[in-house]
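Participant: for reference, the sequence and a predicted model appear below.
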Amino acid sequence: MFYCYTCYVPVENVPIEQIPRVKLPLKIDIIKHPNETDGKSTAVHAKLLAPEFVNIYTYPCIPEYEEKDHEVALVFPGPKSVSVKEISFHLQEKIQNNVGGKNDDLDKPFIKRKKTEEQDLNDSKCKDTTLKKIVFIDSTWNQTNKIFTDERLQGLLQVELKTRKTCFWRHQKGKPDTFLSTIEAIYYFLVDYHTDILKEKYKGQYDNLLFFYSFMHQLVKNAKCPGGKETRKLTH
């Protein structure tokens with residue numbers, strides 16, 4: 001064991017100076033299913049490598065996002081999900097919808113109501129619509145529904161990584177290879193965010209998020225390959 005699964009710190013015999021620290025462009029919340037086996041979860045990798053940017057909560061503990069749903073999104077596949085490229089547009093749309101909802105008070109005089117609407121629209125244009133936090137669910141795919149359907153997550157913009165394929169060694173039967181492990185989803189989201197939202201060339205800034213993942217991937221590969229025999233390549 002290289003780290004504590006509950007306090008998210010390396011164990012004493014692990015040289016801390018050899019563990020990289022990763023700076024992220026936004027905050028990350030991970031909602032962990034209470035029945036998720038700690039030793040099988042990759043969520044802790046993110047907390048170990050980017051501790052200042054990552055928080056892990058065990059369900060039913062979920063932060064309140066209702067007042068900040070214009071700057072928070074949930075990464076989870078589904079019919080209502082959008083691509084990373086579409087995030088900014090939908091967050092702005094969410095602000096405008098919130099403004100409209102506030103001004104449905106028909107008891108106000110028309111002129112006063114119109115002034116209020118104009119003021120709120122101006123305020124919304126000044127409001128920073130940049131994504132500030134992204135939420136991930138850490139669970140087996142068969143257990144995700146309980147967390148995903150929680151009312152505290154229902155107002156969040158839903159984002160899907162449709163073009164990425166998993167290399168996880170614990171692939172779940174019956175699920176497509178686009179269903180990623182938690183650390184894969186975090187990594188691929190940040191890469192797409194960097195190029196599609198920040199409009200910057202990706203130069204490997206977040207590659208070290210896969211530090212533990214790639215190490216364990218190699219351990220599993222070696223365990224399946226006794227005596228150095230060649231095995232099927234796991235990358236896509």
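Facilitator: Done, it's in.
Participant: please parse the chain into its domains.
Facilitator: Following automatic domain parsing, the chain resolves into domains at 19-84+129-228, 91-126.
Participant: please work out which of these is packed deepest.
Facilitator: Each of the domains of the chain was scored by mean neighbour count; the highest is domain 19-84+129-228, a mean of 16, by mean count of other Cβ atoms under 10 Å. (Each C-beta comes from the backbone N, C-alpha and C, glycine too.)
Participant: on that earlier part again, hey, least reliable of the domains of the chain by pLDDT?
Facilitator: The weakest mean pLDDT among those belongs to domain 91-126, with a mean of 58.
Participant: out of the domains of the chain, nearest to Cys4?
Facilitator: Closest of the domains of the chain to Cys4 is domain 19-84+129-228, at 8.6 Å (criterion: Cβ to Cβ).
Participant: relative to the whole chain's centre, how far out is that closest one?
Facilitator: Offset of domain 19-84+129-228 from its chain centre (Cα atoms, centre = their mean, to the nearest Å): 4 Å.
Participant: now the domains of the chain as a markdown table including distance to Tyr3?
Facilitator: Shown next, in a markdown table, are the domains of the chain (distance: least, Cβ to Cβ, whole Å):
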| stretch | distance to Tyr3 |
| --- | --- |
| domain 19-84+129-228 | 6 |
| domain 91-126 | 35 |
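Participant: nearest to Tyr8, of the ones you listed?
Facilitator: Of all the domains of the chain, domain 19-84+129-228 comes closest under Cβ to Cβ, at 4.4 Å.
Participant: in this protein, which spans are strands?
Facilitator: 27-32, 54-58, 72-75, 133-138, 157-159 (DSSP state E).
Participant: as JSON lines, the ones you listed with distance to Leu209 would be great.
Facilitator: As requested, the strands of the chain are arranged in JSON lines below (distance: least, Cβ to Cβ, whole Å):
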{"stretch": "strand 27-32", "distance to Leu209": "10"}
{"stretch": "strand 54-58", "distance to Leu209": "10"}
{"stretch": "strand 72-75", "distance to Leu209": "14"}
{"stretch": "strand 133-138", "distance to Leu209": "12"}
{"stretch": "strand 157-159", "distance to Leu209": "18"}
